[in-house]
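Chemist: return atomic coordinates for the entry below.
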Amino acid sequence: MSGNVIFDRDRCKGCELCIAVCPKHIIEMDTATNAKGYHPATVVRMEECTACASCARMCPDSVITVERM
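Modeler: The predicted structure follows:
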């Protein structure tokens, strides 16, 4: 099963908790900043996502949506 991860970039505060729990190590911090001045998280190799949703469960601000495909 593959997945599609969507971040609400402007609400992400860059805490990096999603990076720590991703079993595939495919989440990184974006080099660009969001509206609040934080570097939001982003998935760099979406094709490797297994839709486990660990990132979404860990996010303290609920800015991550995982779609299973």
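Chemist: list the contacts for the residue nearest to residue 53 when sequence neighbours are not counted?
Modeler: In space, not counting the residues next to it along the chain, residue 53 is nearest to residue 66; the distance is 4.4 Å by C-beta to C-beta, 6 or more residues apart in numbering. C-beta here means a position set from N, CA and C on the backbone, and glycine is covered the same way. Residue 66 is in contact with 3-6, 49, 51-53, 55-56, counting by C-beta atoms under 8 Å, 6 or more residues apart in numbering.
Chemist: is residue 66 part of a helix or strand, or is it coil?
Modeler: For residue 66, the secondary-structure state derived from DSSP: H, G, I helix; E, B strand; the rest coil is strand.
Chemist: restrict stretch 3-20 to CA atoms and write it as CSV.
Modeler: Extracted in CSV, the C-alpha atoms of stretch 3-20 (Å, rounded to 0.1, in the frame of the first residue of the first chain):
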residue,chain,number,x,y,z
GLY,A,3,0.4,6.8,0.5
ASN,A,4,0.1,10.5,-0.1
VAL,A,5,1.1,12.8,2.7
ILE,A,6,-0.2,16.3,2.8
PHE,A,7,1.2,18.9,5.2
ASP,A,8,-0.6,22.2,6.1
ARG,A,9,2.6,24.1,5.4
ASP,A,10,1.4,27.3,7.0
ARG,A,11,0.5,25.7,10.3
CYS,A,12,3.6,23.5,10.6
LYS,A,13,6.0,24.9,13.3
GLY,A,14,8.9,22.7,12.4
CYS,A,15,9.1,20.6,15.5
GLU,A,16,10.6,17.7,13.6
LEU,A,17,8.6,15.0,15.5
CYS,A,18,7.3,13.6,12.3
ILE,A,19,10.9,13.1,11.0
ALA,A,20,11.8,11.1,14.1
